[in-house]
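*Asks:* Any chance you can model this:
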Amino acid sequence: MAPKILLVDDRPENIYTLRRVLQKLDVAAEIEEATSAIAGLELTLRHDFCVAIVDVQMPEMDGYEMVSLLRGNESTARLPVIFVSAIYSDEYNHRKGYEAGAVDFLSKPLVPEILLSKVRVFIDLYQQRQELELANQKLHQNHQILERRTRLLEIARQVSHQITAILNLEALLAEIINSIQAQYEYAFIGVWLWQAEQEALTLEAATGSFVLPDTIVPKAVQGPLVEVVESRLPVYLTDPTAVSETQLPSHPHTAVVLLFPLIIGQDDLVGVLDVRQRHQQPFDDESYVNLESLSDQLAIAIRNAQLYDRVLRFNEELEQNVQERTQQLDKAVERLALLDQSKSDFIEVVAHELRTPLSLVKGYSEMLQTEPGIQTNELYMLQVKGIVSGAARMLEIVNTMLDMIKIDAQTLQISPEMMSIASLFRILRSELAPTLNERQQILSITELEQLPHIEADEGALFKLFYQLLINAVKYTPDGREIRVRGRFHGRVGKDDLTEQAVEIAIEDTGIGIDSAYTELIFDKFYQTGHVSLHSTGKTKFKGGGPGLGLALARGIVKAHGGHIWVESDGHDEINYPGSTFFVLLPLRLSRVISF
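*Replies:* Model prediction:
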């Protein structure tokens, strides 16, 4: 039967997230859900769960109260509970959770690997308990034949069931030898653990003080303990004095010795159970069968504790690694922020330094155009026009860089007033007419006249849509169409309030955009494709640029409290799927926004 996991959380989305994480388990497990503590308690009465993952903060009854009730019920007293919480995750609540009876306390957001590793431990424990129950059932059938054996095996079953719930190895071994000693009063009981790397047995726990823990018997030393390791079979000694101290440490009151291998399955050696009697009378059948059965269960219990200890160490190492990586990332982010600020400062200084001489070049070259000597000389006139055009282009780039500096510093000021989108695009059409004629492109504008006036900064919106239209021109081949359309609609805002807005879509019929870059293209200085493959010129097909236009557009949209995004069927320079840029702007601004 597949192990069952209980999820208790009053928020369905949290349960959904936990279920998605637990689906990555490498074992099949059934998941039961409860959206309240009361419903969770009811499920624990109908199902046997290997672990419960419980949210702390729930209405009516919180996680602490639920776990307290579980601990008060005999059938659910041993159900492992892991608390999860995003709010109550301080040291006080952790301590309160453990006092209530939880075995662990995880803070949100959860690290999937940590949660899965902890759940796997309890699934392993549950499956091992199932195996123990099957073994106990088999023993119980034998108990029915021999009444005395039934009593002894039942005692062993109770003891083993108790110790399987202990996950601390040191406490587990102490419980093992104390429980056996309390039931049978042997002269000596010891637990040797097999260390595969050292190929040796170490005495980890023992009754009495005649021998200290960590006594080592290497595999190279031949003797009864090594014989058990090699044969995986019990060894019975009627004369322990014939064995040397290095092969088996002696005990002053030992007459006979029985060594049981602690193995899981057929060959997985955990260690050796060392049991010694004071008198020469051999172990009776009932004691032998009982110890043999108990050794199988002890092997599983010890292995569980070892696995749990490994998981704890793994979690500690993982948490330490996460902290180290987080610190490294924090330092990297801090350094990137400093570098970005230094870059912004450099750009601002350069832009300011360039603006004045560029303005002089542009102004004086425009004055040269009016000189008779220039106007009558066709070559000179062409050269001066080139200077005017180049200076204007450079000045435009410098102004765009300064605008980006303001956007990065969140100091871009907008002055909203009531304006018409349709009128704005008429101005844009006129501004771009020479470029459209040169590229033989068609600009179709529809559905804008029906749009209501909006409250916005007309100058800023001119820059926004100018950049989007120039972008459409650059990535659309000559002779193709660019379409602009608009619509008026409502949308749900952050406070669940319906806001009236206008949506402007600029659709080109060009080369399109790969879906992997639909967010990156709005980052400043980002260039699609290799820069060396771009042609020069602001409006030439696939022409190059500083990579600021779309970043500036996004900054202006955000300054108006709007949203901008792009949709495309992909990049294709043969079939031309095109791209559509959407701009959503609120009809009214609640306040003057600085960004």
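*Asks:* Give the helix, strand or coil label for the closest residue to residue 165 other than its chain neighbours.
*Replies:* Spatial nearest neighbour of residue 165, chain neighbours left out: residue 78 (5.7 Å); criterion: C-beta to C-beta, 6 or more residues apart in numbering. Any C-beta I mention is one placed from the backbone N, CA and C, and that applies to glycine too. When classified by DSSP: H, G, I helix; E, B strand; the rest coil, residue 78 comes out as coil.
*Asks:* what helix or strand is the nearest residue to residue 375 once chain neighbours are set aside on?
*Replies:* Once flanking residues are discounted, residue 375 sits nearest to residue 381: 6.2 Å by C-beta to C-beta, 6+ apart. Assigned by DSSP states H and E, residue 381 falls within helix 378-408.
*Asks:* Just after that helix, pick out the following helix or strand.
*Replies:* strand 417-419.
*Asks:* Buried residues of that next one, list them for me.
*Replies:* Residues of strand 417-419 classed as buried by neighbour count (16 or more other C-beta atoms under 10 Å): residue 419.
*Asks:* Pairing partners for that strand, with directions?
*Replies:* Applying DSSP bridges, strand 417-419 is found paired with strand 454-456 (antiparallel).
*Asks:* May I have the helix or strand just after the partner strand as CSV, with CA atoms only?
*Replies:* Sequence-wise, the next helix or strand downstream of strand 454-456 (DSSP H and E) is helix 458-474. The C-alpha coordinates for helix 458-474 follow below in CSV (Å, rounded to 0.1, in the frame of the first residue of the first chain):
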residue,chain,number,x,y,z
GLU,A,458,1.8,64.6,-24.6
GLY,A,459,5.6,65.2,-25.1
ALA,A,460,6.5,62.0,-23.3
LEU,A,461,3.9,60.0,-25.3
PHE,A,462,5.3,61.4,-28.5
LYS,A,463,8.7,60.0,-27.5
LEU,A,464,7.1,56.7,-26.5
PHE,A,465,5.2,56.1,-29.8
TYR,A,466,7.9,57.6,-31.9
GLN,A,467,10.3,55.0,-30.6
LEU,A,468,7.8,52.2,-31.2
LEU,A,469,7.1,53.3,-34.7
ILE,A,470,10.8,53.7,-35.6
ASN,A,471,11.3,50.2,-34.2
ALA,A,472,8.6,48.9,-36.5
VAL,A,473,10.1,50.7,-39.5
LYS,A,474,13.6,49.3,-38.8
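*Asks:* what bits of the stretch 201-350 of the chain have low per-residue confidence?
*Replies:* Across the stretch 201-350 of the chain, the ranges flagged by pLDDT under 70 are 208-214, 339-350.
*Asks:* Kindly recompute the last result at 80.
*Replies:* 208-214, 252-253, 266, 280-290, 293, 336-350 (pLDDT under 80).
*Asks:* what about the helices in it?
*Replies:* 224-231, 285-369 (DSSP state H, counting those that start in this stretch).
*Asks:* Output the contacting helices and strands for the first one.
*Replies:* Pointing back at helix 224-231 there. strand 200-206, strand 235-237, strand 256-264, strand 268-277 (3 or more C-beta pairs under 8 Å, 6 or more residues apart in numbering; DSSP states H and E).
*Asks:* Dump those into a markdown table; add mean neighbour count as well.
*Replies:* Output for those, formatted as a markdown table (neighbours: other C-beta atoms under 10 Å):
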| stretch | mean neighbour count |
| --- | --- |
| strand 200-206 | 20 |
| strand 235-237 | 16 |
| strand 256-264 | 22 |
| strand 268-277 | 22 |
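*Asks:* Quick one: residues contacting the nearest residue to residue 429 once chain neighbours are set aside.
*Replies:* Among residues not flanking residue 429 along the chain, residue 443 sits closest, at 6.0 Å (C-beta to C-beta, 6+ apart). With contact taken as C-beta atoms under 8 Å, 6 or more residues apart in numbering, residue 443 is in contact with 429, 432, 436, 469, 481-482, 484.
*Asks:* Shouldn't residue 443 be within a strand?
*Replies:* Yes. Per three-state DSSP, residue 443 lies within a strand segment.
*Asks:* can you offset everything so residue one is 465?
*Replies:* New numbering, starting at 465: the last item is residue 907.
*Asks:* So in terms of bridging, what pairs with it?
*Replies:* Assigned bridge partners for residue 907, using DSSP bridges, are residue 946.
*Asks:* what's the spacing between it and residue 950?
*Replies:* 14 Å (C-beta to C-beta, to the nearest Å).
*Asks:* do the same with residue 963
*Replies:* 17 Å.
*Asks:* Please compare those two by neighbour count and tell me which comes out ahead.
*Replies:* residue 950 (20 against 17; other C-beta atoms under 10 Å).
*Asks:* Check the more buried one and give its pLDDT.
*Replies:* On pLDDT, residue 950 comes in at 94.
*Asks:* cool, and residue 990?
*Replies:* pLDDT, read off for residue 990, is 61.
*Asks:* Check the one 5 residues further on too.
*Replies:* Residue 995 is assigned a predicted lDDT (pLDDT) of 50.
*Asks:* Residue 599 against residue 763, yeah?
*Replies:* No. Using C-beta atoms under 8 Å, residue 599 is not in contact with residue 763, being 11.3 Å away.
*Asks:* More neighbours: which of the two?
*Replies:* Using other C-beta under 10 Å, the more surrounded residue of residue 599 and residue 763 is residue 763, with 21 against 16.
*Asks:* What separation is there between the residue nearest to that one when sequence neighbours are not counted and residue 741?
*Replies:* Leaving out its chain neighbours, the residue that sits closest to residue 763 by C-beta to C-beta, 6+ apart is residue 726, at 3.9 Å. To residue 741, residue 726 is 19 Å away according to C-beta to C-beta.
*Asks:* can you redo the helices and strands packed on helix 688-695 as TSV with distance to residue 1045?
*Replies:* Output for those, formatted as TSV (distance: least, C-beta to C-beta, whole Å):
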stretch	distance to residue 1045
strand 664-670	70
strand 699-701	82
strand 720-728	64
strand 732-741	63
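*Asks:* Out of those strands, flag the one nearest residue 644.
*Replies:* Each of those was scored for nearness to residue 644 using C-beta to C-beta, and the closest is strand 732-741 (7.5 Å).
*Asks:* and the angle from the closest one to helix 749-833?
*Replies:* Using axes from the mean of the first three to the mean of the last three C-alpha atoms, to 10 degrees, the direction of strand 732-741 lies 150 degrees away from that of helix 749-833.
*Asks:* looking at this, residue 552 is in a strand?
*Replies:* No. Residue 552 is assigned coil when assessed by three-state DSSP, not a strand.
*Asks:* Wait, it touches residue 521, no?
*Replies:* Yes. Under the criterion of C-beta under 8 Å, residue 552 makes contact with residue 521 at 6.2 Å.
*Asks:* Compare those two (neighbour count), which wins?
*Replies:* residue 552 (20 against 15).
*Asks:* And the pLDDT at the spatially closest residue to the more buried one that is not a sequence neighbour?
*Replies:* In space, and not counting its chain neighbours, residue 552 is closest to residue 520: 4.7 Å by C-beta to C-beta, 6+ apart. Per-residue pLDDT puts residue 520 at 88.
*Asks:* and residue 520, how far is that from residue 508?
*Replies:* With C-beta to C-beta as the criterion, residue 520 and residue 508 are 18 Å apart.
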